[in-house]
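Novice: need a structure here:
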Amino acid sequence: MTPALTIMALLTGTSPDVVTPEAASQGAAPMIAEATEWLLEGQPLPADLDARLRLLAPSERMRVIVFLRRSGMLSGAGWAVDDLLAPATESLE
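Specialist: Coordinates of the predicted model:
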């Protein structure tokens with residue numbers, strides 16, 4: 001775990017491996033930092049990525065999706081406009 005993720009976990013009281021509503025309230029930065037770690041470690045995107053992205057506000061969600069696309073981690077079909085612009089959800093469900 002990088003120092004940045006350790007600090008995020010300490011400040012938010014959350015595990016850096018799980019994006020929670022509290023971490024999502026900080027915007028895209030924690031998720032982008034986590035995705036950078038996945039990229040550098042050669043790990044795939046988590047299966048619950050869509051649910052994690054839905055925790056973010058639409059503008060922050062788009063920032064993460066753009067980062068993931070530009071980094072080459074996210075490929076395939078895009079998100080529907082309605083899904084991109086939907087309000088943030090309150091849980092990972």
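
Novice: Contacts only, for R69.
Specialist: By CB atoms under 8 Å, 6 or more residues apart in numbering, the residues touching R69 are S75. In short, each C-beta sits where N, CA and C put it, glycine included.

Novice: ok, then the element right after the helix or strand hosting it?
Specialist: Element membership for R69, per DSSP states H and E: helix 58-71. Next helix or strand after helix 58-71 toward the C-terminus (DSSP H and E): helix 81-85.

Novice: excluding its backbone neighbours, what's nearest the most centrally placed residue in the chain?
Specialist: Geometric centre of the chain, nearest residue: M31, 3.6 Å, by CA atoms, centre = their mean. If the residues on either side of it in the chain are set aside, M31 comes closest to V64, at 5.0 Å by CB to CB, 6 or more residues apart in numbering.

Novice: what about that neighbour, neighbour count?
Specialist: Counted with other CB atoms under 10 Å, residues neighbouring V64 total 23.

Novice: Make sure it is actually in contact with L55.
Specialist: No: between V64 and L55 there is no contact, the gap being 10.4 Å when judged by CB atoms under 8 Å.

Novice: which secondary structure elements does whichever strand or helix holds L39 contact?
Specialist: Here L39 sits within helix 29-41, counting by DSSP H and E. Where contact means 3 or more CB pairs under 8 Å, 6 or more residues apart in numbering; DSSP states H and E, helix 29-41 is packed against helix 3-12, helix 21-24, helix 58-71.

Novice: at 6 Å instead, please
Specialist: Using 3 or more CB pairs under 6 Å, 6 or more residues apart in numbering; DSSP states H and E as the contact test, the elements touching helix 29-41 are helix 58-71.

Novice: related to what we said a few turns ago, what distance do you get for the residue nearest to the centre of the chain to P87?
Specialist: Per CB to CB, to the nearest Å, M31 is found 17 Å from P87.

Novice: Low-confidence ranges, this protein, go.
Specialist: 1-25, 93 (pLDDT under 70).

Novice: what about stretch 49-63, start to end distance?
Specialist: One end of stretch 49-63 sits 14 Å from the other (CA to CA, to the nearest Å).
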